[in-house]
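1. Here's a sequence, model it:
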Amino acid sequence: MTDWDEIRTHFPALQGRVDLNTAGGGPMCREAVERVRQYFDEFYREGDTHWNAWLERVEHTRQKLAGFFGVAPDAIAFLANASQGLNLVADLLPGDGRVVALSDDFPSVTMPWLGRGRDVEFLDSPDQLDDALRKSPAVLAVSLVQYKTGFRLDLDRVSALCQEHGTALVLDATQAFGVISIDLEPIPFDALVFSAYKWATAGYGIAPLVVRRSLLEERGLPSVGWRSAREPYDLESTKLDLTTEARGLELGHPPFAGVFALAGALELIESIGLAAIEARVAHLLDELHRGLEVRGIPIDSPRAHNARSPITMIRVPDPAATAAALAERNVFVSARGEGLRVSVHYYNNEDDLETFFEVLTPHLG
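-> The predicted structure is shown next:
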């Protein structure tokens, strides 16, 4: 049986604080910090002599992450942030075809297409996807979980729609990876990216990109650097002989610190098990929603189990002022639009929720 109290000790940032803001940015876990500290300590004390060992650790992490998605390791590139990955994907999927997106999605999902002058059709609701994708082949660029509403996409349904209508599927899993299982093996996807500073608890500076290998084989690398070569350590500077592996998108040295932080975070997730994490978060989400209902606080996020996520939007008077007042009491949520965004992760507990309600109640008007 999982000892959730012990798992909380892996997150010192939780001491004396109620962190219900993972959707904004999660605290780093102990394992992530230990792996980064090891890297910097090696570099500090012994210089570059661990280069080969570092490369081996990068490839080990690539292999471990591939197992979470059910893909081959050569489909994964380690980048600095999700926007970088989505720009690369936009260059991999060029043309004049339409791009379909949701109007309330995070800007990094849509801006790469707008910046290239693509015709982006913005939908007000995921319910409009079917009709929109029937018009003509397109690119669907969408977050698996919407950061503003917590709406969770039905990946099986959406991928089937894309396959039926000849639509490329580009996913941002930043609000999903680390808390929701994502099996890409049966999914006809083109690319998926996620930033690891939220639910993965690996901190800033690392955003893996998973890309369909045949897409790289068809299109080639949109940008190249010395490590894009098929044999990068031949250091050939007068000709192009490029790899079709996703690691070619890294261009140069891997972002070692970020990769090692992710490695530590993956170790923790693996030790707990994603199934246990999902069950824990579902329990806390049920408790949160029950508490909101008892207090008559409106919920503006999906309630159906196949559409909800660990993100819950609630309506309160003056969200910005309310979030600031809660922060003064060391209770952290986000103000978003006309409400508060409350997010629960596996390191939260029932005491966190009780404290949240206790501190929130005086501000409900």
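2. residues touching the closest residue to Pro222 other than its chain neighbours, list them.
-> Spatial nearest neighbour of Pro222, excluding adjacent residues (CB to CB, 6 or more residues apart in numbering): Asp91 at 3.5 Å. C-beta here means a position set from N, CA and C on the backbone, and glycine is covered the same way. Taking CB atoms under 8 Å, 6 or more residues apart in numbering, we find Asp91 in contact with Arg116, Pro222, Ser223.
3. Apply 10 Å and report the result again.
-> By CB atoms under 10 Å, 6 or more residues apart in numbering, the contact set of Asp91 is Pro112, Arg116, Arg219, Leu221, Pro222, Ser223.
4. how's the protein carved up into domains?
-> Domain assignment of the chain by automatic domain parsing yields the ranges 32-271, 274-363.
5. Which is the succeeding secondary structure element to the helix-or-strand element of the chain with minimal mean pLDDT?
-> In the chain, no helix or strand scores lower on mean pLDDT, DSSP states H and E than helix 129-134, which sits at a mean of 87. Using DSSP states H and E, the next helix or strand after helix 129-134 towards the C-terminus is strand 138-143.
6. Mind giving me the packing neighbours of that next one?
-> Secondary-structure packing of strand 138-143 (3 or more CB pairs under 10 Å, 6 or more residues apart in numbering; DSSP states H and E): helix 82-92, strand 98-102, helix 107-115, strand 120-123, helix 129-134, helix 155-165, strand 168-172.
7. Okay, now the sheet partners of it, with direction.
-> Sheet pairing of strand 138-143 (DSSP bridges) gives strand 98-102 (parallel), strand 168-172 (parallel).
8. What segments of this protein are helices?
-> Secondary structure of the chain (DSSP state H): helices located at 4-8, 30-46, 51-69, 82-92, 107-115, 129-134, 155-165, 213-219, 256-272, 274-294, 319-328, 350-360.
9. could I get these as JSON lines with distance to Arg17?
-> Shown next, in JSON lines, are those (distance: least, CB to CB, whole Å):
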{"stretch": "helix 4-8", "distance to Arg17": "11"}
{"stretch": "helix 30-46", "distance to Arg17": "16"}
{"stretch": "helix 51-69", "distance to Arg17": "28"}
{"stretch": "helix 82-92", "distance to Arg17": "26"}
{"stretch": "helix 107-115", "distance to Arg17": "28"}
{"stretch": "helix 129-134", "distance to Arg17": "39"}
{"stretch": "helix 155-165", "distance to Arg17": "33"}
{"stretch": "helix 213-219", "distance to Arg17": "43"}
{"stretch": "helix 256-272", "distance to Arg17": "19"}
{"stretch": "helix 274-294", "distance to Arg17": "16"}
{"stretch": "helix 319-328", "distance to Arg17": "10"}
{"stretch": "helix 350-360", "distance to Arg17": "9"}
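10. quick revisit: which positions within the least confident helix or strand of the chain qualify as buried?
-> Going by neighbour count (16 or more other CB atoms under 10 Å), the buried part of helix 129-134 is Leu129, Ala132, Leu133.
11. Might you calculate how far it sits from the centre of the chain?
-> The chain centroid and the centroid of helix 129-134 are separated by 25 Å, computed with CA atoms, centre = their mean, to the nearest Å.
12. Could you do stretch 43-59 as well?
-> Using CA atoms, centre = their mean, the offset of stretch 43-59 from its chain centre is 27 Å.
13. Same check on stretch 329-340?
-> Centre-to-centre, stretch 329-340 and its host chain are 20 Å apart (CA atoms, centre = their mean).
14. That one spans what distance, first to last residue?
-> With CA to CA, to the nearest Å as the measure, stretch 329-340 spans 16 Å from end to end.
15. quick revisit: just checking, what packs against the least confident helix or strand of the chain?
-> Contact partners of helix 129-134 among helices and strands, from 3+ CB pairs under 10 Å, 6+ apart: strand 98-102, strand 120-123, strand 138-143, helix 155-165.
16. Need the residues that contact that helix.
-> Residues from elsewhere that reach helix 129-134 (CB under 10 Å, 6+ apart): 98, 100-102, 121-123, 138, 140, 142, 153-154, 157-158, 161-162, 164-167.
17. One more pass at 8 Å, please.
-> Helix 129-134 is touched from outside by Val100, Glu121, Leu123, Ala138, Leu140, Val158, Leu161, Cys162, Glu164, His165, Thr167, with contacts defined as CB under 8 Å, 6+ apart.
18. ok, these vs Pro302, which is closest?
-> For the contacts of helix 129-134, the residue nearest Pro302 by CB to CB is Val158; the value is 15.0 Å.
19. number of nearby residues for the closest one?
-> 22 (other CB atoms under 10 Å).
20. Confirm for me that it is in contact with His165.
-> No. Judged on CB atoms under 8 Å, Val158 makes no contact with His165 at a distance of 10.9 Å.
21. Quick check: which of the helices of the chain is nearest to Ala191?
-> helix 82-92 (4.4 Å).
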